[in-house]
Each structure stands twice: as structure tokens, then as C-alpha cells.
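Student: fold the following, please.
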Amino acid sequence: MSVEDSDRIVVEYIGRFADGTVFSTSRQEVAIKHRLTTEGCDPLVFTVGSEEVIEGLDQAVRGLSTGEETTVEIPPEAAYGPVRNDRIREYDCETFEGMVGEPPSVGLHVEAENGLHGDVVAVRNNTVEVDFNHELAGKTLYFELQITDCQSTTESIYSD
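Tutor: Have a look, this model is predicted:
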């Protein structure tokens with residue numbers, strides 16, 4: 001059975017950057033080898049066409065069969081989009097510390113009241129620069145995928 005729109009599928013995956021660096025995986029042995037956290041090392045489970053995963057992954061699994069493996073390249077436009085300059089904000093250091101409750105430092109992860117997550121990317125003189133783009137924005141992603149289960153939601157109740 002080939003994966004179609006509305007099917008509920010399970011996918012084992014390894015996500016890499018162009019240089020081969022693994023950034024995410026469902027396979028614990030790969031996570032350990034690449035010194036990634038094994039917490040949340042679970043296969044992707046989603047309904048095809050429901051916008052539960054990035055567009056490039058959703059498109060890549062269509063037509064595959066259970067057990068089938070493929071490797072796909074997903075450009076930023078079909079992943080997390082380009083880096084948007086309007087998502088990089090500057091704050092006065094004093095204002096930032098009042099909002100966050102600690103002094104600014106490069107790499108500090110913050111959450112805004114509107115739910116956006118960002119990282120401090122620069123601290124200059126009296127200003128703090130926070131990037132609210134997704135951490136994978138602007139990046140081409142490479143995925144090794146294996147469909148491990150597929151449940152059709154469109155099968156007829158009358159099929160034998």
C-alpha cells in the first residue's frame with residue numbers, strides 16, 4: 001500500500017545538514033553516536049496532508065510503501081522558511097533584563113509573552129539582539145526516511 005493523503009503513518013528518520021551533521025533523529029543509536037539527546041528519540045507519527053510536519057516531509061512520503069526507505073533534500077521554502085530579518089529584534093539591556101529576569105548573554109534562550117522562542121545572538125554596548133527565527137530557518141535539510149507503518153483512513157468499510 002502506497003502512502004496517500006489522509007493516511008496515518010510512522011516514519012523513522014535521520015535529519016542532517018549539507019555537511020553531514022546530524023541535527024535530529026528517531027534512532028537512539030544514531031543520537032548516541034552523534035552526541036544528541038536521546039530524549040524524544042521517537043519516530044514521527046502524523047497524518048499525511050494535515051500540516052503536522054514541514055511541507056517537504058509531507059510531500060516526500062507520498063507514494064512510498066511500508067518498509068521503503070528514501071533520502072530527500074528539503075529546501076528552506078519547504079522546511080522552516082528563510083531567515084526573516086523582521087524576526088531579529090534589538091532591546092535595551094536594562095529592558096531585556098527586566099523582561100527576562102537575568103542579564104543577557106549570547107546563546108541564552110528566551111520565550112516571549114506571545115509564545116515565540118528566541119536566542120540571544122549578540123550583546124553590544126547597551127543593546128541585546130534576539131533572533132526569533134526557527135533555529136532551522138534558512139537551512140536546506142536532508143532526511144533519511146523509512147516508513148514503518150501506514151494506516152489508511154480512506155479504506156472502505158465494505159472491503160474484504
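
Student: quick one, helices of this protein?
Tutor: Ranges of helices in the chain, per DSSP state H, are 28-33, 55-61, 93-100.

Student: list of residues touching the longest one?
Tutor: Under the criterion Cβ atoms under 8 Å, 6 or more residues apart in numbering, residues 91, 103-104, 108, 110, 123, 126-128, 130 lie in contact with helix 93-100. The C-beta positions use only the backbone N, C-alpha and C, and glycine is treated the same way.

Student: in TSV: those, plus distance to Val48.
Tutor: Formatted as TSV, the contacts of helix 93-100 follow (distance: Cβ to Cβ, whole Å):
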residue	distance to Val48
Tyr91	41
Pro103	46
Pro104	42
Leu108	38
Val110	34
Val123	44
Asn126	50
Thr127	45
Val128	41
Val130	35
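
Student: circling back: which of the helices of the chain sits closest to Val3?
Tutor: Closest to Val3 of the helices of the chain, according to Cβ to Cβ: helix 55-61, at 5.0 Å.

Student: now do the buried residues in the helix or strand bottoming out on mean pLDDT in the chain.
Tutor: Here the helix or strand of the chain ranked lowest by mean pLDDT, DSSP states H and E is helix 93-100, holding a mean of 90. Residues of helix 93-100 classed as buried: 96, 100 (neighbour count, 16 or more other Cβ atoms under 10 Å).

Student: sorry, back to before: pLDDT for the contacts of helix 93-100 - can I get that in TSV?
Tutor: Putting the contacts of helix 93-100 into TSV (pLDDT from 0 to 100) gives the following:
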residue	pLDDT
Tyr91	94
Pro103	92
Pro104	94
Leu108	96
Val110	94
Val123	96
Asn126	92
Thr127	96
Val128	97
Val130	96
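
Student: inside strands: which ones of those?
Tutor: Residues of the contacts of helix 93-100 located in strands (DSSP state E): 91, 110, 123, 127-128, 130.

Student: how about those residues, which pair is most distant?
Tutor: Val110 and Thr127 (14.8 Å).

Student: who has more neighbours out of those two?
Tutor: Legend: neighbour count by other Cβ atoms under 10 Å for Val110 and Thr127, higher for Val110 (19 against 14).

Student: okay then, goodbye and thanks.
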